[in-house]
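J.: fold the following for me, if possible:
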Amino acid sequence: KMLTDGLEDVLVLFGSQTGNAEAIALRISADFATRGKPSSLLCMKDFEKIDLSLPRTVICIVSTTGSGDAPDNACKFFRALRKFKTSSSPLSAWRFAVLG
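T.: Below is the predicted model of the structure:
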């Protein structure tokens, strides 16, 4: 279902340098649609569009680059997450899975 930030309650986030993680994220999002469950697909660099406090299911797909470095389009997202202390994280409302 659509939440107040305009995104679905299932969110597929991806971070990819070469497009591999993006392709997997597209497949996962399409699989949700095929099963009648809409999802929102979003690059991690656009995370400011997400209301982090809303309860949702989040699937993160990330592929590393070089010597295990985070992809450029995911760095800002990860830096923002590191600012939260575990007990005060607005992400506590999220159920999530990470594929990387």
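J.: report the beta-bridge partners for the most centrally placed residue in the chain.
T.: Nearest residue to the geometric centre of the chain (CA atoms, centre = their mean): residue 13, 2.4 Å. Counting by DSSP bridges, residue 13 is bridged to residue 42, residue 60.
J.: I figured residue 56 hits residue 2, correct?
T.: No: with contact defined as CB atoms under 8 Å, residue 56 does not reach residue 2; the gap is 10.8 Å. From N, CA and C alone the C-beta is placed, and that goes for glycine too.
J.: between the two, who's got more neighbours?
T.: More crowded of residue 56 and residue 2, by other CB atoms under 10 Å: residue 56, with 22 against 10.
J.: quick one: residues contacting the more buried one.
T.: When contacts are counted by CB atoms under 8 Å, 6 or more residues apart in numbering, residue 56 is found next to 3, 7-11, 93-95.
J.: want to throw those into a markdown table with secondary structure?
T.: Below are the contacts of residue 56 laid out as a markdown table (DSSP: H, G, I helix; E, B strand; the rest coil):
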| residue | secondary structure |
| --- | --- |
| 3 | coil |
| 7 | coil |
| 8 | strand |
| 9 | coil |
| 10 | strand |
| 11 | strand |
| 93 | helix |
| 94 | strand |
| 95 | strand |
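J.: buried subset of these?
T.: Burial by neighbour count, 16 or more other CB atoms under 10 Å: within these this picks out 7-11, 94.
J.: most distant residue from the middle of the chain?
T.: Most distant residue from the mean C-alpha position of the chain: residue 67, 22.3 Å away (CA atoms, centre = their mean).
J.: which of the buried ones among the contacts of residue 56 sit farthest apart?
T.: Comparing all pairs in the buried ones among the contacts of residue 56 by CB to CB, the longest separation belongs to 8 and 94, at 13.4 Å.
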